[in-house]
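*Asks:* Need a 3D model of the sequence below.
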Amino acid sequence: MNSQSERPLIELRKVCMDFAKPSGEPLPVLADIDLALRAREILGLLGRSGAGKSTLLRIAAGLVRPTSGQVYHRSMPLTGPSEGIAVVFQTFALFPWLTVIENVETGLDAFALTGRERRERAESAIDLIGLDGFQGAYPRELSGGMRQRVGFARAIVTGSSVLLMDEPFSALDVLTAETLRTDFIDLWQEQEIPTTSALLVTHNIEEAVLMCDRIAILSSNPGRVAAEIPVSLAHPRNRLDDAFRTVVDDIYALLTSRAVVFSAAPGQLHSGFARPLARASVSQMSGLLETLAGAPYHGRSGLREIARALGLQVDDLFPLAESLHMLGFAELSDGAVRLTPAGRMFVHGGTGERKRLFREHLLEFVPLSAHIRRVLEERGGHRAPRVRFESELEDHLTRRDVERTLRVVTGWARYAELFGYDDRAQEFHI
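*Replies:* As a prediction, this is how the structure comes out:
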C-alpha cells in the first residue's frame with residue numbers, strides 16, 4: 001500500500017446525502033463524509049444496515065449525485081459513471097436470457113470495440129476468474145458462487161483501475177464465499193487483475209479484516225466516518241492468529257461503544273419517542289439471554305466469541321445486543337455483553353414472570369411503547385389508527401425506519417400484553 005501523500009484514485013470531500021421526508025423536508029442520511037481510496041489498497045467500509053454504506057458506494061461510483069460535497073476520480077470531479085470505475089453488486093444482476101460470455105460482454109457496451117475484440121477480452125476475463133468451460137451456460141445453470149464470478153468477470157473485463165464491491169459475498173453460503181474471497185485476494189496479490197484499488201462494503205467484521213488494508217467504520221443516523229482502522233497483517237491472513245483476533249476485537253469494542261452511546265442517549269439523536277428500534281424479536285433476545293446465562297459464558301461473553309459460536313454476523317448480533325442493552329436486560333461495554341440482574345431474573349423466570357418483567361422494562365425504557373399505550377388509554381374505545389403514529393415518527397425517521405420501528409414495538413408489546421394491533425383495520429388497541 002502506498003503512502004497517504006500519493007494522489008487518491010477516489011476522494012470524497014464533505015459529501016452529504018439527504019432523502020426527502022413525506023413533508024418534503026430533508027432527512028440526512030450521510031453527513032460530512034471525507035474519505036480517500038488510495039492506490040494499491042483495499043478499503044473496507046464497515047457498518048450496520050441503514051448506515052448508508054451502499055448509498056455511499058453508489059456516490060463514489062458516480063451513479064448517485066450527493067446533496068452536497070464533491071467526489072473526485074484521479075483529482076477530477078466525478079459527475080457520472082466513469083470508464084475507470086467498475087462495480088460488483090450484492091445481487092448477481094445477470095441477464096437471464098444471455099449466456100455467461102454474453103453477460104460478461106455487456107461490461108464492454110460503452111467501449112468502441114469490434115466483435116472479435118469484445119469476445120477476446122471476455123474470454124480472458126472468464127478464464128482469469130475461473131469460469132473457463134462455462135462460456136455458453138445460462139445463469140440458471142450456475143450456482144450462486146459461479147454467478148457471482150460472472151459478476152466479477154464483467155467488472156474486470158472493463159480494465160477499470162477501481163473496483164467498488166457492495167457486499168459481493170453476502171448472498172453466498174459460507175464455504176462458497178470463503179473460496180471466492182480467497183481467489184480474489186490471490187488475484188489481487190499477484191496483480192493478475194487490472195484493479196489497482198478496491199472499496200469493499202460489508203457488515204462482516206472478519207471479512208473486512210481478512211481482505212482490507214484499511215477499514216472505515218461508518219456510524220448511523222446520519223452516516224459518518226466514525227473511525228479508520230489500519231490492518232497491516234500480511235496475506236494470507238489466519239482467523240486464528242492472535243494479531244487477527246486483536247483487530248477484530250478492537251472493531252467490536254469500537255462498535256460496542258457507539259451502540260452504548262446510541263442506546264443510552266437517544267435524546268441526542270432523535271426527539272423523545274422517535275428512537276429507531278433495531279430488528280430484534282422477543283424469542284431471539286430470549287435465546288441470547290439464555291445462551292449467555294449458560295456454560296461456558298455464565299453471564300458474560302466477548303461479542304466475537306458469542307457471534308462465532310452462534311454463527312451471527314454484526315447485522316444479526318448487534319440488533320439483539322443493543323435491544324437488550326436498551327431494555328436493561330444486558331450491558332454492552334468493551335466489546336463484551338454481560339447479563340444484568342434483570343436479565344438473570346428474566347432467564348430464570350416462568351412465562352408469567354418474564355411477561356411482567358418485559359412489560360415493566362418496555363414502559364420504562366422504550367418511550368414509544370409508553371406513548372402508544374398512553375394515547376390508547378386517553379381515547380374513547382381505546383383504539384388509535386396506525387397512521388397517527390407513522391406521521392409522528394416520519395418527522396424524525398426514514399420511511400424504512402418507521403416501518404421497522406412500528407413492527408418491532410408491536411411485537412414487543414404483544415408479548416408483554418401492553419397493547420395489540422389489528423392489521424386489517426390498521427389500528428392499535430388495548
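
*Asks:* who's in contact with residue 103?
*Replies:* 94-95, 139, 150, 154 (C-beta atoms under 8 Å, 6 or more residues apart in numbering). Using the backbone N, CA and C atoms, a C-beta is placed for each residue, glycine as well.

*Asks:* Among those, which pair sits farthest apart?
*Replies:* 139 and 154 (11.8 Å; C-beta to C-beta).

*Asks:* Compare those two (neighbour count), which wins?
*Replies:* Taking neighbours as other C-beta atoms under 10 Å, residue 139 and residue 154 compare with residue 154 leading, 26 against 17.

*Asks:* And the more buried one, how far from residue 255?
*Replies:* 33 Å (C-beta to C-beta, to the nearest Å).

*Asks:* Same question for residue 47.
*Replies:* Distance from residue 47 to residue 255, by C-beta to C-beta: 9 Å.

*Asks:* hey, what's in contact with both of these two?
*Replies:* Shared contacts of residue 47 and residue 255, counting by C-beta under 8 Å, 6+ apart, come down to residue 217.

*Asks:* what's the following helix or strand after the helix-or-strand element of the chain with minimal mean pLDDT?
*Replies:* One helix or strand of the chain scores below all others by mean pLDDT, DSSP states H and E: helix 242-264, with a mean of 75. Heading C-terminal from helix 242-264, the first helix or strand you meet, by DSSP states H and E, is helix 282-293.

*Asks:* Pop the domain breakdown of the protein in here.
*Replies:* 10-254, 282-429 (automatic domain parsing).

*Asks:* Can you measure across the last one, start residue to end residue?
*Replies:* Yep, that's domain 282-429 we're talking about. Domain 282-429 has an end-to-end distance of 20 Å (C-alpha to C-alpha, to the nearest Å).

*Asks:* Any idea how far it is from the middle of the chain?
*Replies:* On the basis of C-alpha atoms, centre = their mean, to the nearest Å, domain 282-429 sits 21 Å off its chain's mean C-alpha point.

*Asks:* tell me the average confidence for that domain?
*Replies:* Taken as a whole, domain 282-429 has a mean pLDDT of 91.

*Asks:* What separation do you get for residue 180 and residue 186?
*Replies:* For residue 180 relative to residue 186 (C-beta to C-beta), the value is 11 Å.

*Asks:* In the stretch 1-150 of the chain, where is pLDDT below threshold?
*Replies:* 1-5, 22-23 (pLDDT under 70).

*Asks:* residue at max distance from the center of the protein?
*Replies:* The centre of the chain is farthest from one residue, residue 380, which by C-alpha atoms, centre = their mean lies 42.7 Å away.

*Asks:* Can you tell me how far it is from residue 411?
*Replies:* Counting by C-beta to C-beta - residue 380 and residue 411 are separated by 26 Å.

*Asks:* if we look at the strand or helix carrying residue 372, which residues are touching it?
*Replies:* Using DSSP H and E, residue 372 sits within helix 367-378. The contact list for helix 367-378 (C-beta under 8 Å, 6+ apart) reads 266, 272-275, 277, 362-364, 382-384, 388-389, 393, 405, 409, 412-413, 418-419, 428-430.

*Asks:* Filter these down to just the buried residues.
*Replies:* 266, 273-275, 277, 362-363, 383-384, 389, 393, 405, 409, 412-413, 418-419, 428 (16 or more other C-beta atoms under 10 Å).

*Asks:* so of those, which ones are in strands?
*Replies:* Taking DSSP state E, the ones among the buried ones among the contacts of helix 367-378 that sit in strands are 383-384, 428.

*Asks:* between those, which is nearest residue 335?
*Replies:* Among those, and counting by C-beta to C-beta, the member closest to residue 335 is residue 428, at 37.9 Å.

*Asks:* what's near enough to touch that closest one?
*Replies:* Residue 428 sits in contact with 372, 376, 383-386, 389, 410, 419-422, where contact means C-beta under 8 Å, 6+ apart.

*Asks:* what about residue 228, which SS state?
*Replies:* strand (DSSP: H, G, I helix; E, B strand; the rest coil).

*Asks:* who's the nearest residue to it once chain neighbours are set aside bridged to?
*Replies:* Nearest non-adjacent residue to residue 228, counting by C-beta to C-beta, 6 or more residues apart in numbering: residue 216, 5.1 Å away. Legend: beta-bridge partners of residue 216 under DSSP bridges are residue 45, residue 228.
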